[in-house]
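**Q** Just need the structure, nothing else, for what follows:
(chains A, B and C)
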Amino acid sequence: VNQMKDVAINLTEFVGTAPIGDTIGMVIANVDRDLFAKLHVEGDYRAIGILSARTGGGPQIMAADEAVKGTNTTVISVQLPRDTKGGAGHGSLILIGGQDVSDVRRAIEIALENVPTRFGDVYNNQAGHLELQYTARASQACHMAFGAPEGQAYGLIAGAPAGIGVVMADTALKAANVEAIDFASPGFGTSYSNEGILHITGDSGAVRQAVISAREVGEQLLGTLGDTPMNDFPSYI
Amino acid sequence: VNQMKDVAINLTEFVGTAPIGDTIGMVIANVDRDLFAKLHVEGDYRAIGILSARTGGGPQIMAADEAVKGTNTTVISVQLPRDTKGGAGHGSLILIGGQDVSDVRRAIEIALENVPTRFGDVYNNQAGHLELQYTARASQACHMAFGAPEGQAYGLIAGAPAGIGVVMADTALKAANVEAIDFASPGFGTSYSNEGILHITGDSGAVRQAVISAREVGEQLLGTLGDTPMNDFPSYI
Amino acid sequence: VNQMKDVAINLTEFVGTAPIGDTIGMVIANVDRDLFAKLHVEGDYRAIGILSARTGGGPQIMAADEAVKGTNTTVISVQLPRDTKGGAGHGSLILIGGQDVSDVRRAIEIALENVPTRFGDVYNNQAGHLELQYTARASQACHMAFGAPEGQAYGLIAGAPAGIGVVMADTALKAANVEAIDFASPGFGTSYSNEGILHITGDSGAVRQAVISAREVGEQLLGTLGDTPMNDFPSYI
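**A** Have a look, this model is predicted:
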């Protein structure tokens, strides 16, 4: 956990940082047209918001999902570098588009505020990590990044090294009546990260139960390779 | 080297760990059908075995090759995350299929037992690593992962940073009358790892001689960037 | 920074090392034909030079650009592993072809000599890095790797985590009348590195001004996530 720095910098682009994952939020009020054309996004926006992190894909995407719910903005790009500073997972680059810079600034602020909560069910030890995410109502970021149906419950279940994620996924699908959207692994649907990641949807109670069941199994399995996996922020699920 | 932990966990899926590479072995007796359909494997299996590691692709694949020789099982997926916990190479996710859970459990046990031996010719220093593998008789895992002809001798020659692997490969092919199956490098045939990897086949004596010649050159070259490269287990070649 | 070692090794292939990035230079006088056919390069060369590093793509490519200017050689492959030993960027594997081993040896020597200079505008802190490169006259390596027009000014502007590179790119394009060649990011044009990278060309003064403007913004942004970013060699831009 890196502490929030009390930084006074004189850049209108800077919005703030989150206290975990080397996460930084920025805005560009009127993005250069040549640059925008090379960002591989659809649509046409004057203002863009940027959420960028060394560690964490899921937490930042879930945080962006909250951000676009409450603002007149849209997630226009989700890119997942193979990062985590030597860890097994992803970092993230999330771009948010809007017509008004105040909208995208507010979206980035909301996202930064939500990042710590969304690290609440990320558990680490020397050998790897587990990540669990849950929302009763997925929005546009979860749809774009994970294929989650908008407005429905969504759950993410990840384990690293990847094989732990396979067993967690099997546990989740047997624990409750949920639908598997997709399963990502080092060679399919990740940026060669060492994770097994199940995406589920369904009834909100069932999705939550599936996530919780998988977490218990993941903690035991990852614990065989090191210390008891620990989270840096309180569990929210 | 992390020591084998004496773990007593109450999960039927857990088989064991190997004392290197954060390697864990697991089985699922009757895999969820929705999950199986999303694992990107061919064939139809009720039971799957899982060998998963943060560090090491070659050693675990060679260990799985021994495992499928002696059991009624088949390697159905080999995926290589870009991992090694900040190192230059791969981790691994290997799935083994069988009709009977006792078969796949035995296969995973054999693989775990063979992992340390297969790290015997992995040499590390601050700047990178070398990996050498050799078998007089390749089986189905080496065929699937490396294109090795089944039943014939096979050798793997890798150096990191990748350029060292290029010189090792040239040395190997000039040292003995062997056939180059393929050469992998950061942009071709790896998951963007920083390795140059030659796969060879041919007469068993020639393959072994080529591997040994390349090892000597690799040790000198990698040594120019740091300490003398060291292995964690005894050399087996 | 790792110091240049005074190594006496008895290998004709070894040329030398650079004191940063775990960079090693080698040559093969008469490369094995089977290996050459598997290196994924065009053209036909008897002698190849090899520049290989754990940390750094841009610096080594710029150094190779100087090397091919002064020798009868050609860069025939640029591959960028996802490396930097747990950092956010790339390592490199650069192959240089020539008909005469003395030419490629000289090219590798020039490249190694130029590597430290080209790390002069690489700035690091705990959270990431910035990289700036500039040349008044791009040569064949910059053309092959970055699409830079040969003979014209070229600039590289990179920030990590990637979002910092987006803001730096916007700043650069607004600071001077330059042309954006391309913008690379985790999902496009990188090996899943956590970088945003702008490539620019144009009038040499404008390119240099754009690079300098982006550097100032990048230093402030990256500084919000950690200490003031520092370079290991003197700035050259």
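**Q** Next, the residues that contact stretch A:26-45 from outside, please.
**A** The contact list for stretch A:26-45, computed with Cβ atoms under 8 Å, 6 or more residues apart in numbering or on different chains, reads A:12-15, A:46-50, A:52, A:74, A:76-77, A:95, A:97-99, A:101, A:104-105, A:108, C:163-164, C:166-167, C:169-170, C:173-174, C:179-180, C:182-183, C:185, C:187-188, C:198, C:221. Where C-beta positions appear, they are placed from N, C-alpha and C, glycine not excepted.
**Q** out of the residues you listed, which are inside helices?
**A** Using DSSP state H, the subset of those located in helices is A:101, A:104-105, A:108, C:163-164, C:166-167, C:169-170, C:173-174, C:221.
**Q** How about the residues of chain A by chain C?
**A** Neighbours of chain C within chain A, by Cβ under 8 Å from any Cβ of the partner chain: A:2, A:5, A:7, A:9-11, A:13-14, A:17, A:22, A:24, A:26, A:28, A:31-32, A:34-35, A:38-40, A:48, A:50-54, A:77, A:79-83, A:85-86, A:91, A:93, A:95, A:191-192.
**Q** on that earlier part again, dump the ones in helices among the contacts of stretch A:26-45 to TSV, plus pLDDT.
**A** Shown next, in TSV, are these (pLDDT from 0 to 100):
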residue	pLDDT
A:101	97
A:104	98
A:105	98
A:108	98
C:163	98
C:164	98
C:166	98
C:167	98
C:169	98
C:170	98
C:173	98
C:174	98
C:221	98
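**Q** Now list the buried members of the contacts of stretch A:26-45.
**A** With neighbours counted by 16 or more other Cβ atoms under 10 Å in any protein chain shown, those contain buried members at A:13-15, A:46-50, A:52, A:74, A:76-77, A:95, A:97-98, A:101, A:104-105, A:108, C:163-164, C:166-167, C:169-170, C:173-174, C:180, C:183, C:185, C:187, C:198, C:221.
**Q** who's in contact with the closest residue to chain C within chain A?
**A** Closest contact between chain A and chain C, by Cβ to the nearest Cβ, is at residue A:52 (2.6 Å). Counting by Cβ under 8 Å, 6+ apart, residue A:52 touches A:23-26, A:91-94, C:161-164, C:166.
**Q** For it, give the beta-bridge partners.
**A** residue A:24, residue A:93 (DSSP bridges).
**Q** and it, how far is that from chain B?
**A** Per Cβ to the nearest Cβ, to the nearest Å, residue A:52 is found 20 Å from chain B.
**Q** Spatially central residue for chain A, please.
**A** Geometric centre of chain A, nearest residue: residue A:58, 1.9 Å, by Cα atoms, centre = their mean.
**Q** contacting residues for that one?
**A** The contact partners of residue A:58, by Cβ under 8 Å, 6+ apart, come to A:118, A:122, A:131, A:133, A:156, A:158.
**Q** Go through those residues and flag which are in strands.
**A** Residues of the contacts of residue A:58 located in strands (DSSP state E): A:122, A:131, A:133, A:156, A:158.
**Q** Which of the residues you listed has the largest number of neighbours?
**A** If you count neighbours using other Cβ atoms under 10 Å in any protein chain shown, the busiest of these is residue A:158, which has 30 neighbours.
**Q** what is it paired to in the beta sheet?
**A** Applying DSSP bridges to residue A:158 gives these bridge partners: residue A:131, residue A:197.
**Q** so where's chain A shaky on pLDDT?
**A** For chain A, the stretches flagged by pLDDT under 70 are A:1-8.
**Q** which residue packs closest to the closest residue to chain B within it, ignoring adjacent ones?
**A** Closest to chain B within chain A is residue A:163: 2.6 Å, counting by Cβ to the nearest Cβ. Spatial nearest neighbour of residue A:163, excluding adjacent residues (Cβ to Cβ, 6 or more residues apart in numbering or on different chains): residue B:52 at 2.6 Å.
**Q** how much space between the one you found and residue C:97?
**A** 40 Å (Cβ to Cβ, to the nearest Å).
**Q** and if you look at residue A:25?
**A** The span separating residue A:25 from residue C:97 equals 46 Å under the rule Cβ to Cβ.
**Q** any idea how far residue A:128 lies from residue A:72?
**A** Distance of residue A:128 to residue A:72, computed by Cβ to Cβ: 39 Å.
**Q** Of the two, which one has the most company?
**A** Using other Cβ under 10 Å as the criterion, residue A:128 and residue A:72 rank with residue A:128 on top: 32 against 13.
**Q** Not counting sequence-adjacent ones, nearest residue to the more buried one?
**A** Residue A:128's closest residue in space is residue A:160 (Cβ to Cβ, 6+ apart), at 4.0 Å.
**Q** Double-check that neighbour against residue A:193; I have them as touching.
**A** Yes: assessed by Cβ atoms under 8 Å, residue A:160 is found in contact with residue A:193 at 7.3 Å.
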